[in-house]
Structures are given as structure tokens and as C-alpha cells.
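> Whatever this is, show me its structure:
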Amino acid sequence: PKKITSFEMPKGADFSITPIGSYALDCLTKKAGNANVIPTLDCAIVVPNSVWNTKDYLDHRYIDKRNIILWNISKFLSENKFKKKVGSVQWRYYNGNPYILSLILTPPEVQKSQGHQKKKNKTSHIQLTRKKFRFQFVMAMQSLEWIPIPRLFPNRSNVKGSKRSTYYNAMLVRDATWVQAGDTLKEDIDELPHFRKSLVLTKIWLLQRGFLRGRDSLDDSQVAVLLLYIYRSKKATSRMPPLQVFTALIRLLASDEFRMAVSVLPSADNTEAQTIASCKTAKIYLKNVKESPLDSKNGDPKTLIDCYRINSTSSGMMLLDSKMLGNYLENLSPSFCDSLQLQATRTLSHLNSTGNFKTLFMINTRFWNSLDAYTKINMNDFDWDNTKKLGNWDGNSPSDLGQIEYLSRKLSYMLKRALGDRIIDLRILTSGNGCNVSTVSNEIDSDEIPTWNIKSEDPTDKTETLVIGLKINAETCHRAV
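Below you'll find the predicted structure:
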């Protein structure tokens, strides 16, 4: 909900731009290995802390201000005088996440002459070069220093109408760690000679299964952090070739232990246990539990690890940063975690046998063909103005997750309980995972996320379509013919 429509920018605010994601790590793939999408160079516009007021982290005020800044930047860049240099300027949701708006800048096509002009009356042939890349800009915080650390604990609520705002708190931490996460990766990547190739291999595997760069899915930075985790936790070594590192990551994603545990990214030169024991955030939490507990009757969780385990909205695959300020994987729904674990388990069986490399990476068929049935739901049919009708479910609320994300998770949960063992997998697919259900029958299978032109369209006014894909269990479903 928009609570702030305008605000005054403080004088002398020093903004900066820095590369993030695969662009910063030099792990980009070409269009052929990028699900038919031209390479996107991700950059973060770092906003200084002086822009935010002391209470802007409450009730989505930070989100509103951040979007206003990005909107004014987009309007400035979309002026006609910059068209020849900047090209097209468009909006889109970053990975289909309504909490994070991003700006897409596609460079203009350059005219290139072919041959030499011998006579004045003859003109040389003009050819437009193809677009080889584009930029994506997201907003980032300078740091979290302006937000009290206890307000970021997963059992704290920073939005009205929710007993906890775990998802929203994680988004605040995410905006502050766009740059810091990249810096952490750069410290180790030079000492790990096969890190980049392992990351590219993992990205291709995820793309072919629809697990990357869509709503409710992983992004490049999260995949890189997962790889760093298996290195720092000694599940992989610097001597391992890329395929062995990839196998170690798949084994991690397939394990029930990682799914149910709260993992912490070990700090440099420390084990996971040592990182938890020396964490200042965990000590601040213990102090708050003793001095000002939230639940005086039943008592708060005894440790910060228990607090994350109880209050997580992802129901598994929790990977905290070294400072234990947030969960890197909080945006992932339980349904996505189920699908990822299922595919990782199947991949392990292929990796343990010979001659299956083509099945894992080189096959042209994408995950659309692995699903048996689809249903399409128009989200505009719901009464979004009356969010009380949605109610709270499993401790989550629309004011924390957002209305669309909340409804998507609730629908998948109810359908899985209703269908039981008659289905093997259930996937929530939106326009962030290809172009709606029509992508299933299109000749060009692309993971392109829809964009909106700055001057002509507003993304918030667009129809949101929810597509649900089902994989039928042949052993439990029998049809008499």
C-alpha cells in the first residue's frame, strides 16, 4: 500500500552506482545459455542513509520512498534528449517480486556502415547491430545503521496488521546487502579457481528447470551465496573441478538436513559453529529476550537460531548471513522449496550414473514439458481492498508477504492438501517465469520477465495472472477408459 506519495530529498545526498550479481562476479552467460534472454548487467543505485528518517522502516514507508526515487530517475532518463544515448527505459518487478521494482535500460541499436562509399551518388549500406546486453538497476541501502538491530529480528513486526513481519524485515536486509554480499564473494572468489565455472553450470541447471530469475525463485546472488556456503562449510574444496562442486551443491539442496535446519554462512577462517558463537546479533537478541521479551506468557525463543526456525515464512532452506541479520532465502515459498528439493534428488540419481550429462544440461526441452496440467487464475477477481477477508494463515499475513505472494502461497498449500499423493509436484508460475501459460505452446521458450514502458504504462495497473502447473502421479491416478 502506498502511504507516501512525495517527500523532500535532503541536500547533498551522495548517490553511487555499483555492479552486483553475475555482472560483478564476471559470471555472465550468453543468450543461448540464458534461456533466450540477452545478458542483463545488474547494478545497484546506493542511496545514502541521510535520505531516510528514523522511522521509515515502519509500514512500508521505506518501500514507498525508494520507489519514488526510482520513478524520478526513470522519468529523467526517459526524456527524448537521452533517447539516442540511453535507449529504452522500462519498469519491471525484480524477479517478479512486487516488493522490488527495477529499471531496465536497453542501449539503442547502433547504425553500422558496410563497405566503402566510392561515389557521391551512391550510399553505403546501413545495418543495425543487435542488442547484446542491457542494464537493470535496483535500489540499495548504504547500510543498516539507521535501523535498530532488534527491529530486524524475524519475530518483530514493522507493519500494521501483522504479528510479525519476517518477510518484510528480510527485504529490508536484502536492500542493505546488495553490495555487501558481492564484496563478501569477491574476497573468496579469487582463491577459488573453479567458482565461476561452477556458478555458470548451476545457473544453467536452474534455468532449464525454471528455478532462476522468476517470481518465487532464486537469483544470481543467492546461487553464488549457496556456492560460497558449501566452500566455507568444507563441503567443497578449491581443488574440486566444477562438476564436483556442482554435485556437492545438488547434494546439499536434496538433503532433508539442510531443508529443516537453520544454516549460517561461516565467516572467513571460521566454522559455522564458531560464527554463531561469536555473532554480536545473537548476543543482542539474548539481551532483548531477558530485558524486554515480546511474549511474557509463553516466552520468546531462547536463541536467535530458534527464532528464525519458528518464524520463517519459507518453511525450510534458511541460510543466514554471517552477522545473522537476515535469511538469504526468505523470499522462497514452501512450494518452491519442495520443487527444488525434488529436482535436486532426481539430479543426484543422474549424476551417480554415466552418460547423463546431456540430460542434465544440454537438452533443449524445458520444464514446461514436465508438467501435465495447467490452470490459470485472474488475480483481479479478488477483493484486494478488503484484505481482512484473506485472514492470517500459518502465522503469515497479507500485510507482510504482500497480497499476491500471500494468496499464491495459500492456494498452493490448500491444493497440495486437497490433491495429496495424486500429484508429484505443484508449481506456481506467473509472468515472472516465462510469458504466462502461453509460453507452453510458443515456439520460442524464453524466461523473459514482462516490462512496462515508463511514459505509457504503469505496472501496478496491469492484470496479474497466476498460473498453476501440476505433475500428475501416474501410480496413484488411474483413469478407466
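> hey, where'd the helices end up in the stretch 151-300 of the chain?
For the stretch 151-300 of the chain, the helices defined by DSSP state H, counting those that start in this stretch cover 166-176, 178-189, 195-208, 220-232, 242-254, 256-260, 272-277, 280-291.
> How about the stretch 301-450 of the chain?
So, for the stretch 301-450 of the chain - with DSSP H, counting those that start in this stretch - the helices run 304-311, 334-351, 357, 398-401, 403-419.
> distance between the longest one and the chain's centre?
What it means is helix 334-351. 18 Å (Cα atoms, centre = their mean, to the nearest Å).
> what's it in contact with?
205, 209, 211, 216-217, 247, 250-251, 253-254, 259, 314-317, 332, 356, 359-360, 409, 412-413, 416, 424-428 (Cβ atoms under 8 Å, 6 or more residues apart in numbering). For every residue, glycine as well, the C-beta is placed using N, CA and C.
> what angle separates it from helix 242-254?
Angle, helix 334-351 to helix 242-254, by axes from the mean of the first three to the mean of the last three Cα atoms, to 10 degrees: 140 degrees.
> hmm, back to that, and the contacts of helix 334-351, which are buried?
Neighbour counting by 16 or more other Cβ atoms under 10 Å classes 205, 209, 211, 216-217, 247, 250-251, 253-254, 259, 314-317, 332, 360, 409, 412-413, 424-428 among those as buried.
> who's in contact with the spatially closest residue to residue 225 that is not a sequence neighbour?
The spatial neighbour of residue 225 that comes closest, neighbours along the chain excluded (Cβ to Cβ, 6 or more residues apart in numbering), is residue 328 at 5.3 Å. Shown in contact with residue 328 (Cβ under 8 Å, 6+ apart): 181, 222, 225, 265, 319, 320, 321.
> swap the cut-off to 10 Å and go again
Going by Cβ atoms under 10 Å, 6 or more residues apart in numbering, residue 328 touches 170, 173-174, 177, 181, 218, 221-222, 225-226, 229, 263, 265, 317-321.
> Over to residue 325?
Contacts of residue 325 by Cβ under 10 Å, 6+ apart are 144, 147, 149, 152-153, 169-170, 172-173, 176-177, 279, 281, 304.
> next one: residue 40
Contacts for residue 40 (Cβ under 10 Å, 6+ apart) come out as 21-23, 28, 34, 102, 104, 106, 133-136, 213, 220, 449.
> can you tell me how far it sits from residue 224?
Separation of residue 40 from residue 224 (Cβ to Cβ, to the nearest Å): 15 Å.
> lowest-pLDDT helix or strand in this structure?
Scoring the helices and strands of the chain by mean pLDDT, DSSP states H and E places strand 125-128 at the bottom, with a mean of 51.
> how much distance is there from the next helix or strand after that one to the middle of the chain?
Next along the chain after strand 125-128, taking DSSP states H and E as the criterion, comes strand 134-141. The chain centroid and the centroid of strand 134-141 are separated by 13 Å under Cα atoms, centre = their mean.
> now do stretch 164-176
On the basis of Cα atoms, centre = their mean, stretch 164-176 sits 13 Å off its chain's mean C-alpha point.
> any idea of the mean pLDDT in that stretch?
The average pLDDT for stretch 164-176 rounds to 91.
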